[in-house]
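>>> the sequence and its predicted three-dimensional model are supplied below.
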Protein chains: 2
Amino acid sequence: MLEHMEMPELPEIHLFAKDMHQELVGKTFDAVEIVQPKSLNLPPEDFRGRLIGTSIQAVSYHGKWIQLELSKGWLLINLGMGGEILLITDENYPEKVRLAFRFTDGSSLAVNFWWFGYAHWADTLADHAMTAKLGPNAIDLSLEAFRSLLQGRRGAIKPFLLNQARIAGIGNVTVQDPLFRARIHPMRKISDLSDDEVEALYGEIQHTLREAIEHGGSKWERNLYGRHGSWGKDFFSVAYRLDEPCPVCGKTIEKIKTGSTSSYICAHCQL
Amino acid sequence: MLEHMEMPELPEIHLFAKDMHQELVGKTFDAVEIVQPKSLNLPPEDFRGRLIGTSIQAVSYHGKWIQLELSKGWLLINLGMGGEILLITDENYPEKVRLAFRFTDGSSLAVNFWWFGYAHWADTLADHAMTAKLGPNAIDLSLEAFRSLLQGRRGAIKPFLLNQARIAGIGNVTVQDPLFRARIHPMRKISDLSDDEVEALYGEIQHTLREAIEHGGSKWERNLYGRHGSWGKDFFSVAYRLDEPCPVCGKTIEKIKTGSTSSYICAHCQL
DNA sequence: CGGTTCAACAACGA
DNA sequence: CTCGTTGTTGAACC
């Protein structure tokens, strides 16, 4: 039932960045193993050449991208539809690896994508179109900023929230319960939302993201150390609860098509 | 039959820029008459204030925009769906005028749009989004540059050629015969084109643009001096020749919808 | 069906 | 395709 929820969203990326910052700052690239060159934005030799000898200064994130600031340039990683980043402290690499980075201290970082992801090198963040065009991280938004982003928008609320160019980091897992709890139908026109609804939605988004982070990310993901999070379906009110009763009114939760994504909703509570 | 061909494309703009450079360099703006303020990107007073007292240093073009480099800033003119720019040497203004510029030597330039056009002022070209985002002028492209622009494109060839952000200056009149002569269907996927087809298409585009320029632009347009060009349907192989025989195979030329534009093609020759 | 980009399209406005 | 904007949809891609 939850087999298609293995994609990292803001909480998991946030945790990767935090742990990677903790573990990797100060390390220097010694070697780069590239199993899947198509994931790169440079020829493998160039990519390797940019990294080797540089050191990691800081690790942050923007939306679903992890950003490693180097002594020269940036290494930008996107796990695509899902994947793992593992810190390897001994010589035991995991079986499946698309990319591996070895550091001069003997430790390594292994990256695997379930299907496809990116590892890009950029001189500056502004040079990298895919991250440069992202909106602000959802978790860093103030209510006022959220209101002003919604200002004058004509479309529906759910596609807006999922559009990474508007707000970065929200995905189909973290958008559904906030909408339910704010009692807003995913396809409601943004211009129809009352001030109170916007405030409720904002609060529920913040709550959901923080809750997921506090619980170490989702159960279906592994973190930098290979450990699973504890945030899962137990925390959901309607998401992925097809045919179960709405926790508020008891009516049956439905699955509907909302543009190109699916949504679980209570048609009675969400208007 | 040819009633909808009154929009200037690269050849006509090229000729305007050339003649305007010849005639206008050195002239100083003395007065600006603004009949249609909506065409401007500044309040009329500001627009006027930017121009008066400045002189024209050079006239060039980018796509369908004519660029007048001034002693300070740029005046950028786009004729939109069609229009005229006339050099007036006596005091007889044409009847219909949206904008008129008077110079200190007593001469004037009159601009008319059939429907909508622009006259913008910009401090630098980089400041002006509408021209800054244009692709390279079609006529200045090398074969290699043309190939690299097509690299990795997923859509159909005709919409690509008409997209001014990719290549500037090609319009629905100047695109049709090159496609026919290269034997390429307008809706062919770019990724399906062979190297030879790309080269043929490139050559035919260059040929068409240069031929139109050499003949003074299209018959339906007037130049800076009010004179019509001589490039017209006689030069076309299939464009606007509905139900006539294909000059190569004799089959009937068809008119088809290609996205939002129409195309005249030989369905037998163009694959 | 995932993330992201791109293309095609509609509608509107200037 | 005069051009911009906005948003929607579907496809292709890695």
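Ah, there it is.
>>> return the set of buried residues in stretch A:25-44.
Along stretch A:25-44, these residues count as buried under the neighbour rule (16 or more other C-beta atoms under 10 Å in any protein chain shown): A:27, A:29, A:30, A:32, A:33, A:34, A:36, A:39, A:40. For every residue, glycine as well, the C-beta is placed using N, CA and C.
>>> would you turn those into TSV with distance to residue B:217, secondary structure and pLDDT?
Formatted as TSV, the buried residues of stretch A:25-44 follow (distance: C-beta to C-beta, whole Å; DSSP: H, G, I helix; E, B strand; the rest coil; pLDDT from 0 to 100):
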residue	distance to residue B:217	secondary structure	pLDDT
A:27	64	coil	98
A:29	59	strand	97
A:30	64	strand	97
A:32	56	strand	94
A:33	60	strand	91
A:34	54	strand	90
A:36	53	coil	84
A:39	50	helix	87
A:40	48	strand	89
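>>> pull the most distant pair out of those.
A:27 and A:36 (22.5 Å; C-beta to C-beta).
>>> so which residues on the stretch 51-200 of chain A come close to DNA strand D?
Residues of the stretch 51-200 of chain A lying close to DNA strand D by C-beta under 7 Å from any atom of the strand are A:80, A:115, A:116, A:153, A:154, A:155, A:156, A:159, A:160, A:190.
>>> switch the cut-off to 6 Å
With C-beta under 6 Å from any atom of the strand as the criterion, the stretch 51-200 of chain A meets DNA strand D at residues A:116, A:153, A:154, A:155, A:156, A:159.
>>> might you list the low-confidence residue ranges for chain A?
Low-confidence regions of chain A, defined by pLDDT under 70, span residues A:1-6, A:91-92.
>>> which residues in it form strands?
Assignment of strands within chain A using DSSP state E yields the ranges A:29-34, A:56-62, A:65-70, A:74-78, A:83-88, A:99-103, A:108-113, A:118-122, A:254-258, A:261-265.
>>> redo these as TSV? Include distance to DNA strand C.
TSV is the format used below for those (distance: least, C-beta to the nearest atom of the strand, whole Å):
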stretch	distance to DNA strand C
strand A:29-34	19
strand A:56-62	9
strand A:65-70	6
strand A:74-78	6
strand A:83-88	9
strand A:99-103	16
strand A:108-113	8
strand A:118-122	8
strand A:254-258	8
strand A:261-265	5
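>>> the residue in the stretch 151-271 of chain A positioned nearest to DNA strand D - nearest residue in space that isn't next to it in sequence?
Using C-beta to the nearest atom of the strand, the single residue of the stretch 151-271 of chain A nearest to DNA strand D is residue A:155, 2.7 Å away. Leaving aside its chain neighbours, residue A:155 sits nearest to residue A:190 (6.3 Å; criterion: C-beta to C-beta, 6 or more residues apart in numbering or on different chains).
>>> what number of residues lie near the one you found?
By the measure other C-beta atoms under 10 Å in any protein chain shown, the count of residues near residue A:190 is 19.
>>> also residue A:214?
Neighbour count of residue A:214, defined by other C-beta under 10 Å: 12.
>>> also residue A:258?
By other C-beta under 10 Å, 21 other residues sit near residue A:258.
>>> mind listing the residues bridging to it?
Note on residue A:258: beta-bridge partners residue A:261, judged by DSSP bridges.
>>> give me the nearest residue to whichever residue of chain A sits closest to DNA strand C, chain neighbours excluded.
The minimum distance from chain A to DNA strand C, using C-beta to the nearest atom of the strand, falls at residue A:115 (2.3 Å). Distance criterion C-beta to C-beta, 6+ apart; nearest residue to residue A:115, sequence neighbours excluded, is residue A:81 at 5.0 Å.
>>> residue A:64 is in contact with that neighbour, correct?
No: assessed by C-beta atoms under 8 Å, residue A:81 is found out of contact with residue A:64, at 10.3 Å.
>>> and for these two, which residues touch both?
Counting by C-beta atoms under 8 Å, 6 or more residues apart in numbering or on different chains, no residue touches both residue A:81 and residue A:64.
>>> those two: who's more crowded?
With neighbours defined as other C-beta under 10 Å, residue A:81 and residue A:64 compare such that residue A:64 has more, 23 against 13.
>>> how much space between that one and residue A:261?
Between residue A:64 and residue A:261 the computed distance is 15 Å (C-beta to C-beta, to the nearest Å).
>>> would you list every one of the helices in the stretch 151-271 of chain A?
Remark: helices assigned in the stretch 151-271 of chain A by DSSP state H, counting those that start in this stretch are A:157-162, A:172-181, A:195-214.
>>> can those helices go into TSV with extra columns for distance to DNA strand C?
TSV is the format used below for those (distance: least, C-beta to the nearest atom of the strand, whole Å):
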stretch	distance to DNA strand C
helix A:157-162	8
helix A:172-181	5
helix A:195-214	14
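>>> pick the most buried one from those helices.
helix A:172-181 (a mean of 24; mean count of other C-beta atoms under 10 Å in any protein chain shown).
>>> quick one: it to strand A:254-258, angle?
Calculated by axes from the mean of the first three to the mean of the last three C-alpha atoms, to 10 degrees, helix A:172-181 forms an angle of 110 degrees with strand A:254-258.
>>> check which helices and strands helix A:172-181 sits against.
Applying 3 or more C-beta pairs under 8 Å, 6 or more residues apart in numbering or on different chains; DSSP states H and E, one finds that helix A:172-181 contacts helix A:157-162, helix A:195-214, strand A:261-265.
>>> list the contacts of the first one.
Taking contacts as C-beta under 8 Å, 6+ apart, the residues outside helix A:157-162 that touch it are A:150, A:153, A:166-167, A:170-172, A:175, A:179, A:184, A:186-190, A:193, A:201, A:205, A:258-259, A:261, A:263.
>>> coming back round to it: which of the helices and strands packed on helix A:172-181 sits closest to residue B:125?
Among the helices and strands packed on helix A:172-181, helix A:157-162 comes nearest to residue B:125, with 34.0 Å by C-beta to C-beta.
>>> pull the distance from the closest one to the chain's centre.
Offset of helix A:157-162 from its chain centre (C-alpha atoms, centre = their mean, to the nearest Å): 15 Å.
>>> CA atoms only: put that helix into CSV for me.
What follows is helix A:157-162, C-alpha atoms only, in CSV (Å, rounded to 0.1, in the frame of the first residue of the first chain):
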residue,chain,number,x,y,z
ILE,A,157,-3.7,25.2,-4.2
LYS,A,158,-2.3,21.7,-4.5
PRO,A,159,-0.4,22.1,-7.8
PHE,A,160,0.9,25.4,-6.4
LEU,A,161,2.3,23.8,-3.3
LEU,A,162,3.9,21.0,-5.3
